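Chemist: Based on what follows, work out the 3D shape:
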Amino acid sequence: MKSHSSTIVGVDPANTGAAVVITDNVVTAVALWKPCQVSKKKGYKLQISYSGKVKELKVRTAAHIGHVFSNMPFLSVCNGIAVEDCYVSRNARTAITLARISGSIAAPLEVKSGLPAHYVRANKWRSVILGIKSRTKREEVKEIVLREIPKKIPSLKIHLDSLGYYDHITDATGIALWLLSKKK
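Modeler: Numbering: from 1, shown residues only. All right, here's what the predicted structure looks like:
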């Protein structure tokens, strides 16, 4: 009898963010986006690394990021979505903007999977996956995540080599690993 594969998507949502697909404990695809101009209006440059190549395109909205990503060939099935939750610090406006981006990217993935996304606070997944204490300084956290996440899932390296060593990518991977740890 053939066992069913498990495909999880982790999302680090922000104006500059990333999404990672892990299928059977192998990183099969990574998306990285950042703001750019599209026809003289705000949009996103989207790069997707999969099957040894990088697809690059420009999209108008955050919803397009989720739509394009959810319709790529590497995501024929999706068994779970994990998204880093927003937090409200000094600027509530920033949290609202992040929440909108997050929902726009997650919605097409939720439609694809038929499942609601799991939202996890940054300090929670970092504690579970890397044992990082919540009081650790931001720069130190970034360093630890960039260094340790690729050790936990070596198949990430090819995507980091293709797209660059961004903490958004390692964060999205850590978020996906958190969801996998919950499913065990």
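Chemist: List the residues that contact Ser5.
Modeler: Thr23, Asp24, Val77 (CB atoms under 8 Å, 6 or more residues apart in numbering). No exception for glycine: its C-beta is placed from N, CA and C like everyone else's.
Chemist: so it sits in a helix?
Modeler: No. With the criterion set as DSSP: H, G, I helix; E, B strand; the rest coil, the secondary structure at Ser5 is coil rather than a helix.
Chemist: now it: how far from Ala29?
Modeler: According to CB to CB, to the nearest Å, Ser5 and Ala29 sit 14 Å apart.
Chemist: Using CSV, write down the CA coordinates of the helix or strand of the chain with the lowest mean pLDDT.
Modeler: Of all regular secondary-structure elements in the chain, judged by mean pLDDT, DSSP states H and E, the least confident is helix 92-113 with a mean of 92. Only the C-alpha atoms of helix 92-113 are listed here, as CSV (Å, rounded to 0.1, in the frame of the first residue of the first chain):
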residue,chain,number,x,y,z
ALA,A,92,-0.9,49.4,15.1
ARG,A,93,-1.0,50.5,11.5
THR,A,94,1.9,48.2,10.7
ALA,A,95,0.1,45.3,12.3
ILE,A,96,-3.0,46.0,10.3
THR,A,97,-1.0,46.1,7.1
LEU,A,98,0.8,42.8,7.9
ALA,A,99,-2.5,41.2,8.8
ARG,A,100,-3.9,42.2,5.4
ILE,A,101,-0.9,40.9,3.5
SER,A,102,-1.0,37.7,5.6
GLY,A,103,-4.6,37.0,4.8
SER,A,104,-4.3,37.8,1.2
ILE,A,105,-1.4,35.3,0.7
ALA,A,106,-2.9,32.6,2.9
ALA,A,107,-6.4,32.7,1.4
PRO,A,108,-5.6,31.1,-2.0
LEU,A,109,-3.6,28.4,-0.1
GLU,A,110,-6.6,27.8,2.2
VAL,A,111,-8.8,27.3,-0.9
LYS,A,112,-6.3,24.9,-2.4
SER,A,113,-6.0,22.8,0.7
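Chemist: chain center to the helix or strand following that helix, what's the gap?
Modeler: Stepping forward along the backbone from helix 92-113, the first helix or strand reached (DSSP states H and E) is strand 118-120. For strand 118-120, the distance from its own C-alpha centre to the chain's C-alpha centre is 12 Å (CA atoms, centre = their mean, to the nearest Å).
Chemist: State the paired neighbours of strand 118-120 in the sheet, together with their directions.
Modeler: Strand 118-120 has these partner strands in its sheet, going by DSSP bridges: strand 80-84 (parallel).
Chemist: mind listing the strands for this structure?
Modeler: Under the criterion DSSP state E, the chain carries strands at the ranges 7-12, 17-23, 26-38, 41-50, 53-59, 80-84, 118-120.
Chemist: No further queries at this time; thank you.
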